[in-house]
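> How does the following fold in three dimensions:
(chains A and B)
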Amino acid sequence: MTPRDESHPRRDERPPGEHEVHGLAFRDVVQAEERATATGEAPAPVAAGGARRISWQKWTFMPAFLIVALLITWLWFRGARLDSIAHQAVDNGKVGLAVRQHIQLTVVSTFFVLIIAIPLGIALTRAKLRRATPVAMAFANLGQAVPALGLLILLVIWLGIGAGSAVVGMVIYAVLPVLANTIAGLRGIDPTLTEAARGIGMSPMGVLRKVELPLAVPLILAGVRTALVLNVGTATLATFGGGGGLGDLISAGIVTQRMPVLILGSVLTVALALLVEWLASLAELLLRPHGLEATT
Amino acid sequence: MSFWEYVGNRHAQLLTDTLQHASAVFQCMVIATVLGVLIGVLTYRSNWAGNLATTATVTILTVPSLAMIGLLIPIVGLGVAPTVIALTLYGLLPVVRNAIVGLRGVDPTLVDAAKGIGMSRTARLLRVELPLAWPPILTGIRVATQMLMGIAAIAAFASGPGLGNEIFRGIASLGSANALNQVLSGTLGIAILALLFDAVYVLIGRLTIPRGIRA
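The predicted model follows:
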């Protein structure tokens, strides 16, 4: 549960306009009061936050919610009547295996996405290759029109059934958002800063390492989060290519019309996705360079 | 059988699937746009409600589409119903977020000016704020449509309509001679549809964004 980054600058911009509007008669009282509380509360996290903008309640809400949801599902599932077909789908540690496979698929594919997309993004923003950037981006956007499911199955037909093809498909699918984030992050850097760094005698490598990359960290981290969330979702499709994961439970539930299996698989997938997104937002906040917090 | 022979043989079936795919995405996108703009209009004035709407839609987007469909099946059954609900829910997110960002981004002095010349609140919303917020909303619709194209393919697993059926037919006959043709025709069909929709949105943008605020 993270307020998006976009909302923060808005908060800062909004108050001047709001104060002007406040005194005017056209707004009814209730609304004015609502806005007064809204503006009264809004700056608080920003001001107090400096370091950590988001309250602890917000950070603990998601895990608490997930624990309660999983507990309810587990109690319900234990009480549900399972026939032999449903038992076949969940017995012998198949649920644990599906969760492990799902996490493996997500982690492995995210790792490859990062080691491909970030160096590529850096390369495409260097002076020599900068001209190739629009071409690469247009190509990548075109590729984005291909549905993940179709891409995955084409790779399965080409490379054979198994988790390997699924990982390749997931990597291809998630590289673009991270690449776009990295390029946007590096391009958005104030050129006067890099010029100043060059001016004090830093090598191009030094500028990249000590100035450009630290400044681009927030956008790169946002890209990492995007990749993780995308991959958790795409990993559910691995089941159609024999790649395992929680999709196995969902598809078994749908195909055999066993609702307990279907619901268990779906709830576990949702919980895993929300947990991953929560962990990624936490990491995003903790890893952000401290000097940047005031501006971003 | 080569790919083109396959397409020639099955063109009736493929055409039906393509039309159903396009119409499902289009109709859900219309519902999502209307709902999304409405939610944006209702919540953007309040910091609290606006952030809640954004957080809620972002959370929905985090849920993998197959799991969402899986949770909908016990409630509404198989077929068109879970497809339409899932597509509409996923279509909401980019529209709501961009509507709120766009409406909040409208220069307050312009709204003041509109008030100064005696426009009512509805008139200000319809004739000043929404037209100014329209470009980001349209971008949201574009992003959402492209996403829905892929999700609609997955919805075919819950007996939904569209080109996803072609892909799942291929999965069912994995290893047979026609599997590649089926998956390829479904995938390419969806990609072409996505690009066509995108082109239409560019055209709509040309026609509907007032010249004065075009970038």
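> Could you list the low-pLDDT ranges of the chain?
This is for chain A. For chain A, the stretches flagged by pLDDT under 70 are A:1-58, A:291-296.
> ah, I was thinking of chain B
B:214-215.
> quick one, helices of the stretch 51-200 of chain A?
Taking DSSP state H, counting those that start in this stretch to define them, one finds helices in the stretch 51-200 of chain A at A:56-79, A:84-90, A:94-125, A:133-144, A:148-159, A:163-187, A:191-199.
> Spell out which parts of the stretch 151-296 of chain A neighbour chain B.
A:151, A:153-154, A:156-157, A:161, A:229, A:232-237, A:240-241, A:246-247, A:250-251, A:253-254, A:259, A:262-263, A:265-267, A:269-270, A:273-274, A:277 (Cβ under 8 Å from any Cβ of the partner chain). Just so you know, the C-beta spots here come from the backbone N, C-alpha and C atoms, and that holds for glycine as well.
> Would you reformat the helices of the stretch 51-200 of chain A as JSON lines and include distance to B:Gly170 and mean neighbour count?
Formatted as JSON lines, the helices of the stretch 51-200 of chain A follow (distance: least, Cβ to Cβ, whole Å; neighbours: other Cβ atoms under 10 Å in any protein chain shown):
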{"stretch": "helix A:56-79", "distance to B:Gly170": "33", "mean neighbour count": "12"}
{"stretch": "helix A:84-90", "distance to B:Gly170": "24", "mean neighbour count": "16"}
{"stretch": "helix A:94-125", "distance to B:Gly170": "22", "mean neighbour count": "19"}
{"stretch": "helix A:133-144", "distance to B:Gly170": "20", "mean neighbour count": "14"}
{"stretch": "helix A:148-159", "distance to B:Gly170": "6", "mean neighbour count": "22"}
{"stretch": "helix A:163-187", "distance to B:Gly170": "14", "mean neighbour count": "22"}
{"stretch": "helix A:191-199", "distance to B:Gly170": "50", "mean neighbour count": "12"}
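> So for B:Ala179, which of those sits nearest?
B:Ala179 lies closest to helix A:148-159 among those, at 6.2 Å (Cβ to Cβ).
> which helices and strands sit right next to the closest one?
helix A:163-187, helix B:130-155, helix B:164-172, helix B:179-208 (3 or more Cβ pairs under 8 Å, 6 or more residues apart in numbering or on different chains; DSSP states H and E).
> List the residues that contact the residue in chain B that chain A sits nearest to.
Nearest residue of chain B to chain A, counting by Cβ to the nearest Cβ: B:Thr187, 2.8 Å away. B:Thr187 makes contact with A:Val146, A:Pro147, A:Leu149, A:Gly150, A:Leu151, A:Ile153, A:Leu154, B:Ile167, according to Cβ atoms under 8 Å, 6 or more residues apart in numbering or on different chains.
> Same check on B:Tyr90?
By Cβ under 8 Å, 6+ apart, the neighbours of B:Tyr90 are B:Ala32, B:Ile60, B:Leu61, B:Ser65, B:Met68, B:Ala144, B:Met147, B:Leu148, B:Ile151.
> The first one: helix or strand, and which one exactly?
What it means is B:Ala32. Assigned by DSSP states H and E, B:Ala32 belongs to helix B:11-43.
> do that helix and chain A meet?
No. In terms of Cβ under 8 Å from any Cβ, no part of helix B:11-43 sits within range of chain A; the closest distance is 10.2 Å.
> Quick one: list the elements packing against whichever helix or strand comes after that helix.
Next helix or strand after helix B:11-43 toward the C-terminus (DSSP H and E): helix B:47-62. Counting by 3+ Cβ pairs under 8 Å, 6+ apart, the packing neighbours recorded for helix B:47-62 are helix A:7-22, helix A:29-41, helix A:259-287, helix B:11-43, helix B:80-104.
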